[in-house]
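In: kindly return the folded structure for what I paste below:
(chains A and B)
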Amino acid sequence: MIPTTYYVLLGAAVFCIGLFGILTRRNALMFLISVELMLNGANVNLVAFSQFHGNLTGQPFGLLTLALAAAEVAVGIGIVLVLARTFDDVDVTEAVTMRW
Amino acid sequence: MAATAYELLAFGLFAAVTLGSSLGVVLVRDVWHAALLLGVALLSVAVHFVMLQAEFLAAMQVLVYVGGVLILISFAVMLLRRGEDSPDLQTSPELKLGSHLFRGLGAVALFVVLAWVVLRAAIGDPAGFGADASITASIGYALFNLPGGNVPVEGFLAPFEIVDVVLVAALVAAVMLARREVGGSLMEALRPDGGEKR
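Out: Here you go, the predicted model:
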């Protein structure tokens, strides 16, 4: 079996790459995509430690994370579409006023 | 139990795919390419799940992420990219000099700290699940707090029900966001003319 350290490093790397995307991009869709990467990094950790302890608890946990990520994307895409409709742009720095 | 050379080779190969496509996601210029690279990254994470004895989770990863989330994102990219007046989807990463660089450096610094902590923690060899462990069945029993699984696990009935409510709330929210108000009356997003601006 692969040492758990490698998987934890991999998860940390994917998480930080997602964080890098959020910090450096301004496109709202790229934000959503980067958040997906971060959630996946966390999921790798959950599953790796589930195998490390020989305890299954991490896997249903990962399953719930998956469901929440899907819900988050559904709402996030809706917000991005409203953003594009209201401001004619998906740049998050453009949207500075709350319009109803 | 030490890792065999083949296991390490497979892990290294797919770790390279995961890291390479993840870096591509945040560095490519085009959002559509980023979405496709995200698909590659998610599929390779599913491969890691298989190597971690989480076959059911790998299948769900492919179904929910690659089949659902990725389709939603491509849907949004295609909706937002129409004709000349489409919003600018090709914002390149801000890697020019200045304060933007420091923001990216924050993520790199976080990784350095995380890697240092993990490497100092000296995590031992994984225990793993036995050959007779029925993992998928045990996940199913655990989600409903039922006895019957042969792997140690906690009950997940309450989180399961809460996620249930959250999914309904997300669906209702997505529908509400898709409605638009025209002339004082709410109008559905699904219309015969496709909701084109006139």
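
In: just for chain B, where's the confidence low?
Out: B:1-2, B:82-101, B:180-198 (pLDDT under 70).

In: please redo it, this time with the cut-off set to 50
Out: B:84, B:93-96, B:198 (pLDDT under 50).

In: what about the strands in it?
Out: Assigned by DSSP state E, chain B shows strands spanning B:180-182, B:185-187.

In: where in chain A is the helix or strand with the lowest mean pLDDT?
Out: Least confident helix or strand of chain A, by mean pLDDT, DSSP states H and E, is helix A:58-87 with a mean of 89.

In: is chain B within reach of that helix?
Out: Yes. Helix A:58-87 is in contact with chain B by C-beta under 8 Å from any C-beta of the partner chain, via A:59-64, A:66-75, A:77-82, A:84-85. Just so you know, the C-beta spots here come from the backbone N, C-alpha and C atoms, and that holds for glycine as well.

In: and that helix, what's buried?
Out: A:58-78, A:80-84, A:87 (16 or more other C-beta atoms under 10 Å in any protein chain shown).

In: take stretch B:133-150, keep the C-alpha atoms, and write them as PDB.
Out: These are the backbone C-alpha positions of stretch B:133-150, laid out as PDB (Å, rounded to 0.1, in the frame of the first residue of the first chain):
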ATOM      1  CA  ALA B 133     -14.000  -6.300   3.900                       C
ATOM      2  CA  SER B 134     -17.200  -5.500   2.000                       C
ATOM      3  CA  ILE B 135     -16.700  -1.700   1.700                       C
ATOM      4  CA  THR B 136     -19.600  -0.700  -0.400                       C
ATOM      5  CA  ALA B 137     -22.100  -2.600   1.700                       C
ATOM      6  CA  SER B 138     -20.600  -1.200   4.800                       C
ATOM      7  CA  ILE B 139     -21.000   2.400   3.500                       C
ATOM      8  CA  GLY B 140     -24.700   1.600   2.700                       C
ATOM      9  CA  TYR B 141     -25.300   0.300   6.200                       C
ATOM     10  CA  ALA B 142     -23.400   3.200   7.800                       C
ATOM     11  CA  LEU B 143     -25.500   5.800   5.900                       C
ATOM     12  CA  PHE B 144     -28.600   4.400   7.500                       C
ATOM     13  CA  ASN B 145     -27.200   3.600  11.000                       C
ATOM     14  CA  LEU B 146     -27.900  -0.100  10.300                       C
ATOM     15  CA  PRO B 147     -25.800  -3.000  11.700                       C
ATOM     16  CA  GLY B 148     -24.500  -5.400   9.200                       C
ATOM     17  CA  GLY B 149     -21.200  -4.000   7.800                       C
ATOM     18  CA  ASN B 150     -18.000  -5.800   8.600                       C
END
